[in-house]
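>>> the following block contains a protein sequence and its predicted model.
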Amino acid sequence: MNKMQLIFLSRSENEVFARNVAAAFALPLSPTLSELSDIKTAVSEAVTNAIVHAYSDGEGLITMTCETDENSIHITVSDSGRGIADLEKALTPFYTSLPGEERSGMGFTIMQTFMSDFRVQTKVGEGTTVSMRKRFSAGAQDAQ
């Protein structure tokens, strides 16, 4: 078991940094290239959501924690931004709260699809935490 925490400003250039850190942290579990790509994509979506939605009127801090166990990585991406007023609607594919911008409304759907487990906790005015877990096929086979 291993654990790390990364705190960074909600700047778009930090999205690439966060996704690469998460992927690098997972490497000791021998994920496939496809599994690494899934992690990078899900983290990119979570961090981008925090940058675009949580802190739309300025910068704030984003915290990413990663924890590994025998065959999976647990990742949380948290912000202290505005929160999500209607989480059920936000989780609907193609819904975007910024229709005037070129947003697909697929961020949460992508995270759910690419990760083994996915959960969102939010409170208006206090922020949002996305919790995700990815189980790795190689680790599962080694454990048997």
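Arrived safely.

>>> nearest residue to G81 other than its sequence neighbours?
If you skip the residues right next to it in sequence, G81 has A54 as its closest partner in space, 2.6 Å away by C-beta to C-beta, 6 or more residues apart in numbering. The way it works is simple: take the backbone N, C-alpha and C, and place the C-beta from them, glycine included.

>>> isn't that neighbour up against T48?
No - counting by C-beta atoms under 8 Å, A54 stays clear of T48, with 10.5 Å between them.

>>> the more surrounded of the two?
More neighbours surround A54 than the other of A54 and T48, with 22 against 18 (other C-beta atoms under 10 Å).

>>> report the beta-bridge partner residues of R135.
Counting by DSSP bridges, R135 is bridged to S72.

>>> for L61, see how far away it is.
Relative to L61, R135 is positioned 29 Å away (criterion: C-beta to C-beta, to the nearest Å).

>>> ok, F136 next?
Distance check for F136 against L61: by C-beta to C-beta, it reads 29 Å.

>>> the two: which is more packed in?
Just comparing F136 and L61: by other C-beta under 10 Å the higher neighbour count belongs to F136, 22 against 16.

>>> name the nearest residue to the more buried one, sequence neighbours excluded.
Nearest residue to F136 in three dimensions, chain neighbours excluded: P31, at 4.8 Å (C-beta to C-beta, 6+ apart).
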